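In: would you be able to build a 3D model of this:
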Amino acid sequence: MLNYHVKKRKRTRYTLRIVGFVTILVCMSQIIAFIMGYGRGYKIGTFIAFILCLYGFYLFFNSFRSAAYDIDYEFNQDDFVIHTRYGDKRHTYDEIGDLNQIIPENDLFYSMIQITIGKKQYLLPFSYKKEVADKIYMFLNERVTTKTLELDIEEKKDDKENS
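Out: The predicted structure follows:
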């Protein structure tokens with residue numbers, strides 16, 4: 001069993017919330033002034049303020065998503081569990097559609113593992129921990145390959161029985 005913890009900063013979440021909230025306030029004041037009758041000649045500016053207001057909402061609400069908080073990954077023999085702030089998600093290795101290890105070309109001290117399950121993508125960053133990334137990737141790759149081969153063998157047996 002392997003465990004890995006991805007730490008996220010509180011300051012990043014708070015910064016996104018503050019920037020989003022301030023953007024919403026400034027843009028809403030422009031929109032309200034336009035609706036009240038002040039500045040009729042600023043239609044383009046009001047439209048731009050509306051777009052920026054939507055972007056402020058995007059920043060504010062995305063600061064509450066589960067990926068903005070700390071995430072714990074627990075890799076077991078048969079499945080892996082992703083512990084987030086909003087609950088746990090259990091996945092088996094045969095659900096993994098794509099598994100990649102991203103290593104930069106130049107000698108930088110980081111690597112990443114990208115796990116794709118259906119439409120969801122999980123990205124595990126490893127700063128200054130390349131050995132840990134290699135160990136987890138080899139473990140995952142072995143489990144995914146084993147499950148894929150088991151499913152292929154079962155399908156071939158079913159095809160032979162049906163013929």
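
In: and residue 120, bridged to which residues?
Out: Under DSSP bridges, the beta-bridge partners of residue 120 are residue 117.

In: neighbours of it, how many?
Out: Residue 120 is surrounded by 12 other residues when neighbours are defined as other Cβ atoms under 10 Å. C-beta here means a position set from N, CA and C on the backbone, and glycine is covered the same way.

In: so what pLDDT did it get?
Out: At residue 120, the pLDDT value in this model is 88.

In: so where do the strands sit in the chain?
Out: Defined through DSSP state E, the strands belonging to the chain, from first to last, are 2-6, 71-75, 79-84, 87-92, 98-102, 110-117, 120-127.

In: quick check: domain ranges of this protein?
Out: Here the domain assignment for the chain is 2-66, 93-162, based on automatic domain parsing.

In: so how far is the longest one off the chain centroid?
Out: Read that as domain 93-162. If you compare the mean C-alpha spot of domain 93-162 with that of the full chain, they lie 16 Å apart, counting by Cα atoms, centre = their mean, to the nearest Å.

In: quick check: end-to-end length of stretch 56-69?
Out: The first residue of stretch 56-69 is 20 Å away from its last residue (Cα to Cα, to the nearest Å).
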